[in-house]
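K.L.:
Need a 3D model of the sequence below.
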Amino acid sequence: MALHISGRGLPDEQPVEYWIADGAISLEPVAGAQTVFSDGWIIPGLVDAHCHVGIGPGGPVDADEALRQAETERRAGVLLIRDAGSPIDTRGFDDRADVPRIIRAGRHIAKTKRYIPGLGLNVDDEAQLPEAVAAQACRGDGWVKLVGDWIDRGIGDLAPLWSDDVLKPAIDAAHANGARVTAHVFGEDALPGLINAGIDCIEHGTGITDDIIALMLDHGTALVPTLINIDNFPGIADSAAKYPTYAAHMRALYAGSRARIGAAREAGVPIYAGTDAGGMIAHGRIADEVAALTGVGLSATDALGAACWNARGWLGAPVLQQGASADLLCFTQDPRSGPEVLGHPDLVMLRGRVY
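P.N.:
Residues are numbered from 1 along each chain as shown. Model (predicted):
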């Protein structure tokens, strides 16, 4: 049966009206359509641009738990996920109509003992990094994820994993295979080499400085700050008493994080919403990340856009247009009014099916 919805759209707040037939949006009336929503707000499905389907607090999870994670995201209104690294293969979900679309980055690429055990693909000879990047570019859906820095227990502090000399050929290898590259980076030292090598995005970015912001603008580098995960830094520091320099560094990064990310926003660095769900962050918290983005200077509309229409444009995904998949959310209240509204859509529609 064809469906019909009407309301006000964002960001322009103008009246909108859509008909849904065979899972797709029509801007022209469809005879016999049943109205399932009216007199509220309608937006494209939300995007979590840093979400790990397949990772739980204890590491990799089985397929059943990964499916539950994806369903949790759908209930929260996330209908498009950029999975920023997963140790399990979730491509079987592509055949399901009831879970969000997933854009994958393959596995995290790291070094032995320089990342969380069991999650990363270990490359011990960095000369092999370009080959590993090319392989993950083919395994993913247009993204590759590097671990840019992590604690080096030999020095007791954060340190880059890769030398600058290998980063450009590695990132070039991804680009040659049609993939963009992003990197986990907490500290300062790994950032110049990654950005100068042409990386497309930085995850977390708590070590950015004014010089780094200028580099990001020059190279068109995006930022996904994962603010609700950065809030875990004090606890990480508390658990790292064996490494006092690292612990102090993590506390300092946390203390300056909102101001530094706010400076990046003010300068014009593109910022998108990602929760880092999986591990320390529960799935289904995109509304909390949107609220956190308003704390670094984004307006309520821009913060929502960072998890919706702007994020979709960045990832090459459609919004609400003729012929597009009917992936949308409906709210009786303005979804910009806070996480208590945004996190509980009144209607979730994925591929034209109402949840």
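K.L.:
the bottom helix or strand of the chain by mean pLDDT?
P.N.:
Least confident helix or strand, the chain: strand 120-122 with a mean of 91, by mean pLDDT, DSSP states H and E.
K.L.:
helices or strands next to whatever helix or strand comes next after it in the packing?
P.N.:
Proceeding N to C from strand 120-122, the next assigned helix or strand is helix 129-139, under DSSP states H and E. Other helices and strands packing on helix 129-139, by 3 or more C-beta pairs under 8 Å, 6 or more residues apart in numbering; DSSP states H and E, are strand 108-110, strand 143-147, helix 164-176. No exception for glycine: its C-beta is placed from N, CA and C like everyone else's.
K.L.:
what's the neighbour count on Val181?
P.N.:
The number of residues packed around Val181, counting by other C-beta atoms under 10 Å, is 26.
K.L.:
can you give me the strands for the stretch 251-355 of the chain?
P.N.:
328-331, 347-350, 353-354 (DSSP state E, counting those that start in this stretch).
K.L.:
Would you mind telling me which of the helices and strands packed on helix 129-139 is nearest Leu329?
P.N.:
strand 143-147 (24.3 Å; C-beta to C-beta).
K.L.:
list the buried ones in the lengthiest helix in the chain?
P.N.:
Longest helix in the chain by number of residues (criterion: DSSP state H): helix 244-267. For helix 244-267, a neighbour-count test (16 or more other C-beta atoms under 10 Å) marks 246-247, 249-250, 253-254, 257-258, 260-265 as buried.
K.L.:
rewinding a little: mind putting the helices and strands packed on helix 129-139 into a markdown table with mean neighbour count and distance to Leu227?
P.N.:
As requested, the helices and strands packed on helix 129-139 are exported to a markdown table (neighbours: other C-beta atoms under 10 Å; distance: least, C-beta to C-beta, whole Å):
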| stretch | mean neighbour count | distance to Leu227 |
| --- | --- | --- |
| strand 108-110 | 25 | 21 |
| strand 143-147 | 28 | 19 |
| helix 164-176 | 18 | 26 |
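K.L.:
Looking at those, which is nearest to Gly207?
P.N.:
Nearest to Gly207, of the helices and strands packed on helix 129-139 and by C-beta to C-beta, is strand 143-147 at 14.3 Å.
K.L.:
Against which helices or strands is the helix or strand that that closest one is followed by packed?
P.N.:
Using DSSP H and E, the next helix or strand after strand 143-147 towards the C-terminus is strand 149-152. Under the contact criterion of 3+ C-beta pairs under 8 Å, 6+ apart, strand 149-152 touches strand 157-160, strand 180-185.
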